[in-house]
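J.: Build me a model from this:
(one chain, ligands or ions: 1)
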Amino acid sequence: MAQPLAERLRPKTLDDYIGQKHLVGPGAVLRKMIDAGRISSFILWGPPGVGKTTLAQIIANKLETPFYTLSAVTSGVKDVRDVIEKARSNRFFSQASPILFIDEIHRLNRVVEEILYPAMEDFAIDIMIGKGPTARSIRVAVPKFTLVGATTRAGQLSAPLRDRFGILFRLEMYKPEELAQIVRRSASILEIDAEDAGIMEIARRSRGTPRIANRMLKRVRDYAQVRGGGVISLDVAREAIAMQGVDELGLDKVDRAVLGTMMDKFGGGPVGLDTLAATTGEDAVTIEDVYEPYLMQLGFLMRTPRGRMCTPTAWEHMKRTPPGQGNDNQLKMEL
Ligand code: ADE
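T.: Here you go, the predicted structure:
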């Protein structure tokens, strides 16, 4: 069966992995651990879509060790036992321990945690045999795992969880030039004909996120095919991206609603996250994890002890005048 598209685009080696040089560039701590072939459990922290799973898989490939995944949100006790059982029966010859990747680890369920951590610490799990009064439990040895946790919210990790992991590596959003390299690579894998200016346009407007850039590339490709020619030129990219409701800097409707609400209803802030969520109709967690990181990266939004605030450049981008510097918004607020 053909590989799913996302899999085909995922880099398999560090040489193909673009960006995050502070983690995997020459001399960086994680790079040194990988090169030495010895990694201890760690956390990858960063916004959605910046390549946390990809990086963990690359590390497993490089260390030639099995890679198992669990989602902290959807996996139950049975999934954990299945993974442990699979790892037990899988003969592998690498020096490195198999990697167990747990996505959204800040949401790890207590029951799952209770099986997983003793397994990590004692290399054994207790399995119940039989039911009712004759039930008994036996200890079964499990392989030593290296745990890699991924999270969008490092602030929600409990202290015991942090202690178990030791190191926290932060993934950053990508610069437009880095995203352009990713889009160029994806276009080549998918045999899409794209001009440099078209690629750069997609990169600039994909909010620093490879997942979004790859998705945008496919949408622009579809548009290019319909519009004729099939080539992604600068004009084709611009038109296709505008049709998605994405602006010059990559802000979508929700980003603009967040900024617009802050400006029109709260004079640009400070405004609390929950109030912002209630007035925009978006989930507070989504605003914090998905929208804010990019708005902060653009320098449009600041977190202050009293709440979120828009910066002067945000006002400029939204073509509005801050209160006190003109009369439009001030007037609106007083009415
Ligand atoms: N896809 C997702 N993340 C990537 C990266 N850092 N480099 C190349 N392709 C990617």
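J.: Pull up the residues of the stretch 1-150 of the chain that are close to the ligand.
T.: 10-11, 17-19, 51, 54 (Cβ under 6 Å from any ligand atom). Every C-beta, even on glycine, is put in place using the N, C-alpha and C of the backbone.
J.: Look through the protein and tell me its longest helix.
T.: As assigned by DSSP state H, the longest helix anywhere in the chain is helix 210-227.
J.: can stretch 174-188 be found next to the ligand?
T.: Yes: residues of stretch 174-188 contacting the ligand under Cβ under 6 Å from any ligand atom: residue 182.
J.: Going along the chain, name the strands of the stretch 201-335 of the chain.
T.: Using DSSP state E, counting those that start in this stretch, the strands of the stretch 201-335 of the chain run over 301-304, 307-310.
J.: Need the contact partners of the last one.
T.: Residues from elsewhere that reach strand 307-310, judged by Cβ atoms under 8 Å, 6 or more residues apart in numbering: 259, 262-263, 268-273, 275-276, 292, 300-302, 322.
J.: Convert the C-alpha atoms of it to CSV, please.
T.: C-alpha atoms of strand 307-310 as CSV (Å, rounded to 0.1, in the frame of the first residue of the first chain):
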residue,chain,number,x,y,z
GLY,A,307,-3.0,39.9,30.8
ARG,A,308,-2.4,39.8,27.1
MET,A,309,-1.5,43.1,25.3
CYS,A,310,-1.3,44.0,21.6
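J.: related to what we said a few turns ago, deepest-packed of the strands of the stretch 201-335 of the chain, please.
T.: Neighbour counts (mean count of other Cβ atoms under 10 Å) averaged over each of these peak at strand 307-310, with a mean of 21.
J.: which among the contacts of strand 307-310 gets closest to the ligand?
T.: If you rank the contacts of strand 307-310 by distance to the ligand using Cβ to the nearest ligand atom, residue 292 comes first, at 20.9 Å.
J.: so what pLDDT did the closest one get?
T.: pLDDT recorded at residue 292 is 93.
J.: need the contact list for the residue of the stretch 101-250 of the chain found nearest the ligand.
T.: At 3.6 Å from the ligand, residue 210 is the closest residue in the stretch 101-250 of the chain, using Cβ to the nearest ligand atom. When contacts are counted by Cβ under 8 Å, 6+ apart, residue 210 touches 49-51, 174, 179, 182.
J.: which stretches of the chain aren't confidently modelled?
T.: 1-2, 91-94, 326-335 (pLDDT under 70).
J.: quick one: contacts for the most centrally placed residue in it?
T.: Most central in the chain under Cα atoms, centre = their mean is residue 48, positioned 2.3 Å from the mean C-alpha point. Applying Cβ under 8 Å, 6+ apart to residue 48 gives the contacts 152, 209, 211, 289-290.
J.: Buried only: go through the residues you listed for me.
T.: 152, 209, 211, 290 (16 or more other Cβ atoms under 10 Å).
J.: Chain neighbours aside, what residue packs nearest to the second one?
T.: Spatially, and ignoring its direct neighbours in sequence, residue 209 is nearest to residue 49 (4.3 Å; Cβ to Cβ, 6 or more residues apart in numbering).
J.: Which secondary structure element is home to the one you found?
T.: Using DSSP states H and E, residue 49 sits in no helix or strand.
J.: That one touches residue 208, doesn't it?
T.: No: using Cβ atoms under 8 Å, residue 49 makes no contact with residue 208, being 9.2 Å away.
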